[in-house]
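Colleague: Sequence isn't available, so here's the structure alone:
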């Protein structure tokens, strides 16, 4: 609310300046009067009720009396700065105090404040004002936290049917996730001399280290097989036509493998663990054929670390990626869309149940689906470069089968 310059001067300089434009002329929609300079008028005041000190328009109950802002401020400053002993009157303390003369005699104005009942003991000194502000801030923060807790408590959690679906998806992930929670103990680091010195330049200026590429292709077939096995264990997937199943698997395979690698990002060694067994650094994965896709997967791994996802959340993310109804060539689009919505709803309710401390956790997590879809699209483009630059005999048949005909 804008305040005119005269009001600011009145506040800063004290009672010696006369406040202007204090007329109460605007009425709010609730029927409460609001001053033209922005004063809030409580509903308990009568319309145009006067200040008991000077007769100006009152703005509320201040220090036990109904007064205007000017007299409230004058009384507060006088007590806080202990100014009243220095006040004097030229007319033996007989001045009449009204809104015109109130700034002409500080002593008579202060005496009038006391006479009408304004309480000196209610004026807070500096330490009490600081304590009051701190208490107000603490109460504000407490109310915010209570509101958050109340909101969290009111969010729907999984139904019994959704819990069963969640259980099946989680089990599907655990049965097809290599090394499970023991991946750190079982991983083997790719030797540092592999993937650090690329030898075969690609058409877009990147390079492919054939030794690193060969190492990665050794684990790609079991990794793809595990994604297929995961999908086959999911409720609703087996009910789809075989052609749609193949399209969905080809579309999501790189996305799910990237997610499984990203959640196994280790900040200490700065590695991703592929297929639960091979720990690789960013440059090794990049030079081994993935190029910029490597950066995207590593960045995703760093980002996901703060989410602290459990097996169920990773499993449900994979199910959402699998059931993407926008893959080209699908016949049962509506059925697949319904399946994804079912997984999404159960997923959201599970997030509510988990009660993460990260603000807006659910929408932030959904944005990772977009990141993974982008990784899949970028990999389709990179695959063409790999086919041109790497010998055909290095490509496992299943690797070619899944990625060869993808749209770029």
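Modeller: Perfect, I can see it now. Remember, predicted model here, so these are calculated numbers, not experimental data.
Colleague: The helix or strand hosting residue 164 packs against which elements?
Modeller: Residue 164 belongs to helix 160-176 when elements are defined using DSSP states H and E. Applying 3 or more CB pairs under 8 Å, 6 or more residues apart in numbering; DSSP states H and E, one finds that helix 160-176 makes contact with helix 210-232, helix 311-322, helix 333-354. Just so you know, the C-beta spots here come from the backbone N, C-alpha and C atoms, and that holds for glycine as well.
Colleague: Tell me what angle the shortest one forms with helix 160-176.
Modeller: For the pair helix 311-322 and helix 160-176, the angle between their directions (axes from the mean of the first three to the mean of the last three CA atoms, to 10 degrees) equals 90 degrees.
Colleague: List of residues touching helix 311-322?
Modeller: Contacts with helix 311-322, where a contact means CB atoms under 8 Å, 6 or more residues apart in numbering, come from 166, 169-170, 172-174, 177, 230-231, 234, 237, 248-249, 252, 255-256, 259-260, 263, 307, 309, 340, 343-344, 346-347, 350-351, 354, 365, 368-369, 372-373.
Colleague: Quick one, which of those residues are buried?
Modeller: Buried subset of these (neighbour count, 16 or more other CB atoms under 10 Å): 166, 169-170, 172-173, 177, 230-231, 234, 237, 248-249, 252, 255-256, 259-260, 263, 307, 309, 340, 343-344, 346-347, 350-351, 365, 368-369, 372-373.
Colleague: For the protein, which segments count as strands?
Modeller: 26-27, 33-34, 60-62, 65-67, 188-189, 200-201, 207-208, 265-266, 271-274, 278-281 (DSSP state E).
Colleague: just those: most buried one?
Modeller: strand 271-274 (a mean of 24; mean count of other CB atoms under 10 Å).
Colleague: And stretch 384-393, end to end?
Modeller: 15 Å (CA to CA, to the nearest Å).
Colleague: Stretch 280-294 too?
Modeller: Across stretch 280-294, first to last residue, CA to CA, it's 10 Å.
Colleague: tell me the mean pLDDT over the helix holding residue 164?
Modeller: Across helix 160-176, the average pLDDT comes to 96.
Colleague: Can you pull out the residues in contact with that helix?
Modeller: 158, 180, 226-227, 229-230, 233-235, 311-312, 314-316, 318-319, 342-343, 345-346, 349-350.
Colleague: so where is the stretch 101-250 of the chain shaky, pLDDT-wise?
Modeller: Along the stretch 101-250 of the chain, the model assigns pLDDT under 70 to residues 148-154, 197-206.
Colleague: Can you name the residues in contact with stretch 325-342?
Modeller: Against stretch 325-342 from outside (CB under 8 Å, 6+ apart): 165, 236-237, 239-241, 243-244, 247-248, 251, 320, 323-324, 407.
Colleague: how does it look with 6 Å?
Modeller: Residues outside stretch 325-342 that contact it (CB atoms under 6 Å, 6 or more residues apart in numbering): 236, 240, 244, 247, 251, 323, 407.
Colleague: PyMOL command to pick out the buried ones of these?
Modeller: To isolate the buried members of the contacts of stretch 325-342 in PyMOL, using 16+ other CB under 10 Å:
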select buried, resi 236+240+244+247+251+323
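Colleague: In CSV, list the contacts of stretch 325-342 along with distance to residue 96.
Modeller: CSV is the format used below for these (distance: CB to CB, whole Å):
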residue, distance to residue 96
236, 87
240, 92
244, 92
247, 92
251, 88
323, 83
407, 90
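Colleague: among the contacts of stretch 325-342, which are in helices?
Modeller: 244, 247, 251 (DSSP state H).
Colleague: Pick the one among those residues closest to residue 109.
Modeller: Distance to residue 109 across these (CB to CB) is lowest for residue 251, with 80.7 Å.
Colleague: so what's the closest one up against?
Modeller: residue 327.
Colleague: Could you report the neighbour count for the closest residue to residue 51 other than its chain neighbours?
Modeller: Leaving aside its sequence neighbours, residue 51 sits nearest to residue 68 (CB to CB, 6 or more residues apart in numbering; 3.9 Å). Other residues lying near residue 68 total 27 when counted by other CB atoms under 10 Å.
Colleague: Mind pulling up the pLDDT for residue 68?
Modeller: The predicted local confidence for residue 68 is 94.
Colleague: List phi and psi for it.
Modeller: phi -80, psi 170 (degrees, to the nearest 10).
Colleague: I'd like the distance between it and residue 145.
Modeller: For residue 68, the distance to residue 145 (CB to CB, to the nearest Å) stands at 38 Å.
Colleague: now swap in residue 235 and tell me
Modeller: For residue 235, the distance to residue 145 - CB to CB - is 38 Å.
Colleague: With neighbour numbers in mind, choose between these two.
Modeller: Comparing residue 235 with residue 145 by other CB under 10 Å, the one with more neighbours is residue 235, at 15 against 10.
Colleague: what's the neighbour count on the residue lying closest to that one once chain neighbours are set aside?
Modeller: What sits nearest to residue 235 in space, not counting adjacent residues and going by CB to CB, 6+ apart, is residue 168, at 5.5 Å. Neighbour count of residue 168, defined by other CB under 10 Å: 15.
Colleague: same thing with residue 147?
Modeller: Residues near residue 147, counting by other CB under 10 Å: 10.
Colleague: Ok, residue 302 next?
Modeller: Neighbours of residue 302 (other CB under 10 Å): 12.
Colleague: repeat for residue 313
Modeller: Residue 313 is flanked by 22 other residues according to other CB under 10 Å.
Colleague: Could you point out which of the helices and strands packed on helix 160-176 sits nearest residue 268?
Modeller: helix 311-322 (20.7 Å).
Colleague: among the strands of the chain, which is nearest residue 361?
Modeller: Among the strands of the chain, strand 265-266 sits nearest to residue 361 (CB to CB), with 18.9 Å.
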